[in-house]
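Undergrad: Quick one, what's the 3D model for this:
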Amino acid sequence: MPLDRSVGKYFDSSNTHLRRVGRWRGPSSYVTGGDPAPPALFGLSKIFAAHFAPVVDGTAYRNVVWNPLTEKVYFSAAGSGSEVAAGSDLSAFVSMFEIIGQ
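TA: Next comes the predicted model:
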């Protein structure tokens, strides 16, 4: 599973919003369109903001984005912005994330 809840205070609540902080590991075989990441995966019913840090495996940089329309985590090449090729091994890429929702 790509979700690691051991970072920070994963269940940090403030007022009416909930905040999730963790690490997202890239898949060993990327599927076009991204990894499924519905709000329920983070213990939420709605996601208002999802911030993923860009990642590097030592030589290549990748942008990581949560797509609210598909509810998937999408990986793209940092230079071109194009989606990573299907079947790419992204397991060396680990992104810190912050999710805010309810």
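
Undergrad: how about the spatially most distant residue from the centre of the chain, what does it touch?
TA: The outermost residue of the chain relative to its centre, with distances by CA atoms, centre = their mean, is Asn15 at 24.0 Å. Counting by CB atoms under 8 Å, 6 or more residues apart in numbering, Asn15 touches no other residue. To be clear about C-beta, it is placed using only N, CA and C from the backbone, and glycine gets the same treatment.

Undergrad: what pLDDT does the closest residue to Gln102 other than its chain neighbours get?
TA: Nearest non-adjacent residue to Gln102, counting by CB to CB, 6 or more residues apart in numbering: Lys46, 4.9 Å away. Per-residue pLDDT puts Lys46 at 92.

Undergrad: residues in contact with Lys46?
TA: Contact analysis of Lys46 by CB under 8 Å, 6+ apart lists Pro39, Gly101, Gln102.

Undergrad: Dihedrals phi and psi, the second one?
TA: Main-chain torsions, Gly101, degrees, to the nearest 10: phi -170, psi -160.

Undergrad: what's around it, how many residues?
TA: 17 (other CB atoms under 10 Å).

Undergrad: those helices in the chain, which residues are they?
TA: Taking DSSP state H as the criterion, the chain carries no helices.

Undergrad: Report the helix or strand with the lowest average pLDDT across the protein.
TA: Every helix and strand of the chain was ranked by mean pLDDT, DSSP states H and E. The lowest is strand 12-14, at a mean of 59.

Undergrad: Would you map the strands across the chain?
TA: Assigned strands in the chain, in chain order: 3-4, 12-14, 17-25, 35-36, 47-52, 55-56, 61-67, 72-77, 94-101 (criterion: DSSP state E).
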